[in-house]
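[1] Pasting the sequence and the predicted model now:
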Amino acid sequence: MKHYKLICYILGGALFFSLGTLIYRGYESGLEGRERCKQKAEASLKSAAELWVNREFDKLGIPYSFSGGEEKVKSKKRRMVLAEGEMVVEVDSLKERKLLITSWVLSSKARILLLLDTPSVDLLNELWQKDIDGKQSYCSSALVLQSELPSDRKGERFTTGDSRLMTDKFKLGTYYLDDMYFLELTAYLSVPSPWFYADWRKNGVIACFTIAALCLCAFILLFLHNRKKEDNDEVNSSDDVVLYISEKKYKIGGVIFDEEACTLTFEDKVVNCTGQAYKLLSAFIHTKNHFLSNDRVVVICGWCPQHTGIDGKRRVTISHLRTLLDSEKSHVKIESGKNKQNELGFYLFVEKR
């Protein structure tokens, strides 16, 4: 086929490009899915933290009340009164964004928990993990709670969950349970590979997959068509030596070879061509430049290459084929020679008259 290689290169390039883009788009959508999973996990942690503070505070059995509501004007400082005196903390805008509990009532309850008791951090992780499992699959969590208590009070560190996750690789973020920033909570989350979250239904991914499939189909059809054409060209090829007449019939000089009937037809007679002579003549017709090397003759005739007297067998068989072709009538000759690869063998050709 004309321009077959060029078309193959173009289709191959388009196929690899679309596959590469498909992989990239799928991986990109997977990263987006992982990010959404982490955002949901962060929202779950906020809900779990509020529930945990209320439950743990209720266990203390301490009456609690408040009045006055939230501040109408945001202050740049926050104050807390303890037995040791008043504590003042500057409002940190970066830490404010990491507050898990925005209610000042719950914040004060969280501080009281750490000041008066040792709360069950395991329960917080269980609540968080349960909420995650209801929204996402195959996620594991771990928590580290570090309390930096005011004045000379000794802070504590609590850990819960899978300790193998407590590395920067799995770190979800650092948060605060109270608005005085005394209770620092570091969350760790293990999420599946981006391929688990890949969205193969996105328009860009579907488009790349469709293009890749079309290119692959076109490449296969082109290959099969070209292969069939090459087979037909080989069977139906005509040149200065062999002229294709019809299916399985060829004119070689002054003789017609019927490959199906195994006959040679001259002007005045029909001769049977069978056995080794038939195999060699058929091979001569279909071989490029109508050349058969000595080794090729051995293979076609099915002889053992190591057999003694192989050269004599080859000469006798070629001589028998020459006799059948009757060069005086057909002008078809078989002569020994070498090909471009310097292999010894035989050429079939038509003698010019």
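    Thanks, I have the structure now. Numbering: from 1, shown residues only.

[2] just the helices in the stretch 201-350 of the chain please.
    203-236, 275-286, 294-301, 310-325, 327-330 (DSSP state H, counting those that start in this stretch).

[3] Please convert those to JSON lines, extending it with distance to residue 126.
    For every residue, glycine as well, the C-beta is placed using N, CA and C. What follows is the helices of the stretch 201-350 of the chain, written out as JSON lines (distance: least, Cβ to Cβ, whole Å):
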{"stretch": "helix 203-236", "distance to residue 126": "37"}
{"stretch": "helix 275-286", "distance to residue 126": "78"}
{"stretch": "helix 294-301", "distance to residue 126": "77"}
{"stretch": "helix 310-325", "distance to residue 126": "85"}
{"stretch": "helix 327-330", "distance to residue 126": "97"}
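
[4] Relative to residue 255, which of those is closest?
    helix 327-330 (3.9 Å; Cβ to Cβ).

[5] Run the chain-centre distance for that closest one.
    Centroid separation for helix 327-330 versus its chain: 64 Å, with Cα atoms, centre = their mean, to the nearest Å.

[6] which residue sits closest to residue 146, ignoring its sequence neighbours?
    residue 184 (4.6 Å; Cβ to Cβ, 6 or more residues apart in numbering).

[7] Can I take it that that neighbour is in a strand?
    Yes - per DSSP: H, G, I helix; E, B strand; the rest coil, residue 184 lies within a strand segment.

[8] and it, how many residues sit next to it?
    The tally of other residues near residue 184 (other Cβ atoms under 10 Å) stands at 19.

[9] Determine which stretch of the helices of the stretch 201-350 of the chain is the most buried.
    Highest mean neighbour count of those: helix 275-286, a mean of 19 (counted as mean count of other Cβ atoms under 10 Å).

[10] For it, name the packing helices and strands.
    strand 291-293, helix 294-301, helix 310-325, strand 344-350 (3 or more Cβ pairs under 8 Å, 6 or more residues apart in numbering; DSSP states H and E).

[11] got the contact list for the first one?
    Among residues not part of strand 291-293, those counted as contacts by Cβ atoms under 8 Å, 6 or more residues apart in numbering are 280, 283, 284, 300, 337, 339, 343, 344, 345, 346, 347, 348.

[12] Nearest spatial neighbour of residue 351, chain-adjacent residues omitted?
    residue 331 (4.5 Å).

[13] That neighbour and residue 64, how far apart?
    Taking Cβ to Cβ, to the nearest Å as the measure, residue 331 falls 119 Å from residue 64.

[14] can you check residue 291 too?
    Remark: distance between residue 291 and residue 64 (Cβ to Cβ) = 104 Å.
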